[in-house]
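Engineer: my questions concern the predicted model and sequence given below.
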Amino acid sequence: MPLNTALEIVNAGDDDRAIQAAMQDAYESGKLRGKQLQVVRRIIERRQTLGRGSSRGKNRKMPDVSTSYLVRTYQREVERQRNTVRKAELAQQRLLFVVSALRQFFADENFINLLRAEGLDTLPEYLASRVWLSGSGS
């Protein structure tokens with residue numbers, strides 16, 4: 001076992017032998033390796049200090065730690081991160097759509113005159129910088 005991996009295991013779980021034994025077993029069985037062990041250790045530390053999910057602040061005992069628990073925990077964290085990336089990509093696509101639509105609208109002088117007449121001729125700075133990126137602003 002590499003030294004870095006051994007240190008990850010030893011530093012896990014505030015000297016909780018069950019967590020350390022489960023991490024060692026997960027490593028030796030090949031279910032969790034290198035970075036995966038680091039992720040699991042961080043999750044366990046976060047859960048020990050903050051609690052899990054909506055029970056934050058309440059003192060709940062960690063469930064019995066086993067190799068399968070650690071693997072499930074890692075898989076849930078990976079899925080949570082994938083969902084976060086998907087949501088960010090969706091938000092970016094929507095922003096690009098809005099920017100593209102606004103560029104087309106602001107190319108129409110009649111639309112700009114209508115906005116001015118209604119007092120709606122300003123945009124938030126972040127959006128305006130994206131819409132008028134090419135230097136054609138009103």
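Structural biologist: Received the coordinates, thanks. Values in this document were obtained by computation on a predicted structure and should not be read as measured data. Numbers count the residues shown, from 1 in each chain.
Engineer: when you work out contacts or count neighbours from here on, use the C-alpha atoms and nothing else.
Structural biologist: OK.
Engineer: can you list the low-confidence ranges for the chain?
Structural biologist: Residues of the chain that meet the criterion pLDDT under 70 lie in 1-2, 5, 7, 9-15, 51-64, 133-138.
Engineer: what comes up buried for the longest helix anywhere in it?
Structural biologist: Counting by DSSP state H, the longest helix found in the chain is helix 67-106. Neighbour-count burial for helix 67-106, with 16 or more other Cα atoms under 10 Å as criterion, is recorded at Thr67, Tyr69, Leu70, Val71, Thr73, Tyr74, Val99, Leu102, Arg103, Phe106.
Engineer: export those as JSON lines, with columns for distance to Val40.
Structural biologist: JSON lines is the format used below for the buried residues of helix 67-106 (distance: Cα to Cα, whole Å):
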{"residue": "Thr67", "distance to Val40": "11"}
{"residue": "Tyr69", "distance to Val40": "10"}
{"residue": "Leu70", "distance to Val40": "7"}
{"residue": "Val71", "distance to Val40": "8"}
{"residue": "Thr73", "distance to Val40": "7"}
{"residue": "Tyr74", "distance to Val40": "6"}
{"residue": "Val99", "distance to Val40": "40"}
{"residue": "Leu102", "distance to Val40": "44"}
{"residue": "Arg103", "distance to Val40": "46"}
{"residue": "Phe106", "distance to Val40": "50"}
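Engineer: tell me how many other residues crowd Gly30.
Structural biologist: As a burial measure, the neighbour count of Gly30 was computed by other Cα atoms under 10 Å and equals 9.
Engineer: cool, Tyr126 as well?
Structural biologist: By other Cα under 10 Å, 8 other residues sit near Tyr126.
Engineer: regarding it, what is its secondary structure?
Structural biologist: helix (DSSP: H, G, I helix; E, B strand; the rest coil).
Engineer: what of Thr122?
Structural biologist: Classification of Thr122 into helix, strand or coil gives coil, according to three-state DSSP.
Engineer: so what's the residue count around it?
Structural biologist: Look at Thr122: counted by other Cα under 10 Å, it has 10 neighbours.
Engineer: now do Ile44
Structural biologist: With other Cα under 10 Å as criterion, Ile44 counts 22.
Engineer: just the element for it, please.
Structural biologist: Taking DSSP states H and E as the definition, Ile44 sits inside helix 34-50.
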